[in-house]
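Trainee: below is the sequence, then the predicted model.
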Amino acid sequence: MTTLLSTPTPARKLSRGTMWSVLALSVLLSFGFFSLLVLGGASTDFNIVGAVLLAAIIYVALSFVMSRIVEGRRKATDRLATGLVTSAFVVALLPLISLVYTAVSNGLNRFDGDFFNSSMRNVVGQGGGGLHAIIGTLEITAAATLISVPIGIMTAVYLVEYGTGRLSRAITVLVDVMTGIPSIVAGLFAFALFALFFGPGIRFGIGGAVALSVLMIPVVVRSTEEMLKIVPNELREASLALGVPKWATVVKVVLPTAIGGIITGVMIAISRIIGETAPLLIICGMSTSMNYNLFSDRMATLPVFVYTQYSNQGTDTQAYLDRAWTGALVLILIVMVLNILARILSKVLAPKGTR
Amino acid sequence: MDTDLPATRIRAKQRLGDVLFSGAALAAGILILVALAAVTIFLVAQALPAFTADPADVSKDGRGFWSFVIPLVFGTIWAAALALLFALPLSIGIALFISHYAPRRVALTLGYIVDLLAAVPSVVFGLWGITVLAPAMQPLYSGLVDSLGWIPFFAGPVSGTGRTVLTVAIVLAVMILPIITALSREVFLQTPRLHEEAALALGATRWEMIRMAVLPFGRPGLISATMLGLGRALGETMAVAMVLSPSVIISFALLTSQNPTTIAANIALNFPEASGIGVNVLIATGLILFLITLVVNSLARFIINRRKDFSGAN
């Protein structure tokens, strides 16, 4: 066999058409098999995930064997690798599709005016909504952004424009360390901080904002730093040569040039923290009523709302589950909109004349 | 530098704006130092009572703090390691697919789709894991326990709900997938074009080119991406808290209803009802989690930075 394959005969090759028909055949086989299971009564639903997986396995195996016979060992290994790499991508898409599908189909049940118009005050069972949670999330996220963005941007300005030597290196390292802080530890920190002043029963919105800031600042610093670094030095030098003070150079020349990237970074940072649950669970607690005041009393937030609706299901289970999924859907939508907005803004605000 | 030419040095005029602005920038930088110091100090301050407290107060069985923490540490590392086991091969596959297999024009879009996974909040992953994934996996688990029950990992009795550590590991794997993918994709794309073309010119197939040029070049980056993913998996809270049916034990069985829980999930589940010394114990476990992730992340950074110096790309 090996001598036969290593002789320099004209290279035999599987054509594209053949491979496509092999793919069609494996899909047909796999879906046929799972349909038979349903028809035969072995299972009740058509297992689409299983069918896709089986089709991928059949295709990879078939193409490997055929290629091994026709094209030889090396080409066969190449085809095997291609098949496996492609299947890895398809497999990764499965949870995403399943998750989005479930969130949309379950979330639409309560995606109505009532949900956006009422809180959970005095609601057991049907009805009620997540307005208090949406307000809480918006307020806490806004407060966290107000704390993080100035600190984050000024730190990045320090690191890029002023910082030299040991202090700037220490800050860089510590920003890295902060990036790795688990969200629940940030929540514990906020709790430990405020419990010291206000006693161990403390639960309020601003604590959540502080916890989220700990998570948000490093993201803002990192992205702003990257953006400031790619502002060409010629711009700074030209400005300084005209006699513009350094602070005005930074404010009027450097920051406006990088503003697109900075805003994108801030949006990404917001979308990262807006879905955080664990720290808010610890320091904000949960409430069923509206609370507009960040500085007193427990405050509901959307992620915690989703969690409590799931974990404390009342007698009418379905109503609680529906509210949880609607909350999840709203959360996904907010994050999605933020991400898309970030992308659009970075395009619109990109410095003119580059590329 | 300054001392070399003291006489000819022209001093810039000290402007108030400059002093204020650079002062504000410096203050922001120092605030980061202070914040991190505060995190450590406050956590340690609140955790200390747990270490010194009477063992009988700390845990119900009265055997003290460490016998309570060690199973949690085990659970945290065990779940994260399992998640990494699933996520790593998949991520490498996806990153290679996007960087070297997919047509150039669609590669960017495909990358964006994988990044979308990173945008999904963890509480939604938890909800999905418990309502969709766990019931879907349960029949498979029963099958595994029935046919392969002699392997310790698949020992029975099988969980009736599917809320096992294996389900948690799958959810965690999906959550860390985009992080590892994004980083390793960047590293793979940095492979010097010349290396790739040289391999192809020598007659290598695409896979051989990847094995000879791309993977060796990307290995350090891959390792650090893995570490960062591991760090995220270690600290992940809500997905574990919602999906797992927890207990504080050390067990390698993947499919039973007795699962080792993680530090983060344990804090999230017990904190709202905790009081007195219980709060201190939970904060102490949080401190330990902080230290574990700190070590893992520092290792990752160390590898990244070391690579920067020797990389052929620069």
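Mentor: Here it is on my side, so go on.

Trainee: what's around residue B:45, how many residues?
Mentor: Look at residue B:45: counted by other CB atoms under 10 Å in any protein chain shown, it has 14 neighbours. The C-beta positions use only the backbone N, C-alpha and C, and glycine is treated the same way.

Trainee: equivalent analysis for residue A:234, please.
Mentor: Per other CB under 10 Å, the neighbour tally for residue A:234 reads 8.

Trainee: residues of the stretch 101-250 of chain B that sit close to chain A?
Mentor: For the stretch 101-250 of chain B, the contact set with chain A under CB under 8 Å from any CB of the partner chain comprises B:101-102, B:110, B:113-114, B:116-117, B:119-128, B:130-133, B:136, B:174, B:177, B:181, B:205-208, B:210, B:228, B:231, B:234-238, B:241-242.

Trainee: which of those residues fall in helices?
Mentor: B:110, B:113-114, B:116-117, B:119, B:122-128, B:136, B:174, B:177, B:181, B:206-208, B:228, B:231, B:234-235, B:238, B:241-242 (DSSP state H).

Trainee: now for residue 239: which residues touch it?
Mentor: All of this is about chain A. A:248, A:249, A:252, A:253 (CB atoms under 8 Å, 6 or more residues apart in numbering or on different chains).

Trainee: that's the other chain; I wanted chain B
Mentor: By CB under 8 Å, 6+ apart, residue B:239 lies in contact with B:122, B:123, B:125, B:126, B:129, B:168, B:171, B:172, B:175.

Trainee: roughly how far apart are residue A:325 and residue B:126?
Mentor: Residue A:325 sits 12 Å away from residue B:126, going by CB to CB, to the nearest Å.

Trainee: swap that for residue B:26, sorry
Mentor: According to CB to CB, residue B:26 stands 41 Å off from residue B:126.

Trainee: okay, those two: which has more neighbours?
Mentor: residue B:126 (30 against 19).

Trainee: apart from its neighbours in sequence, what residue is nearest the more buried one?
Mentor: In space, residue B:126 comes closest to residue B:242 once its chain neighbours are excluded; the distance is 3.4 Å by CB to CB, 6 or more residues apart in numbering or on different chains.

Trainee: for burial, what's the neighbour tally of the one you found?
Mentor: Neighbour number of residue B:242 under other CB under 10 Å is 28.

Trainee: so which residues of chain B form strands?
Mentor: Here chain B has its strands, by DSSP state E, at B:246-247, B:259-260.

Trainee: turn the ones you listed into CSV, columns for mean neighbour count.
Mentor: Shown next, in CSV, are those (neighbours: other CB atoms under 10 Å in any protein chain shown):
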stretch, mean neighbour count
strand B:246-247, 18
strand B:259-260, 25
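
Trainee: excluding chain neighbours, give the residue nearest to residue B:27 in space.
Mentor: Nearest residue to residue B:27, sequence neighbours excluded (CB to CB, 6+ apart): residue A:154, at 7.5 Å.

Trainee: in contact with the one you found, which residues?
Mentor: B:24, B:25, B:27, B:28, B:29.

Trainee: what is the mean pLDDT for the strand or helix carrying it?
Mentor: Taking DSSP states H and E as the criterion, residue A:154 maps to helix A:131-157. The average pLDDT for helix A:131-157 rounds to 94.

Trainee: so how many other residues sit close to residue A:16?
Mentor: Per other CB under 10 Å, the neighbour tally for residue A:16 reads 8.

Trainee: gap between the residue in the stretch 1-150 of chain A positioned nearest to chain B and residue B:102?
Mentor: Closest contact between the stretch 1-150 of chain A and chain B, by CB to the nearest CB, is at residue A:88 (2.6 Å). For residue A:88, the distance to residue B:102 (CB to CB) stands at 12 Å.

Trainee: now residue A:259, nearest residue through space, not along the chain?
Mentor: Closest residue in space to residue A:259, ignoring its immediate chain neighbours: residue A:349 at 5.6 Å, by CB to CB, 6+ apart.

Trainee: now residue A:245
Mentor: Per CB to CB, 6+ apart, closest to residue A:245 is residue B:15, 4.9 Å.

Trainee: buried residues of stretch B:156-173, list them for me.
Mentor: Residues of stretch B:156-173 classed as buried: B:158-159, B:162-173 (neighbour count, 16 or more other CB atoms under 10 Å in any protein chain shown).
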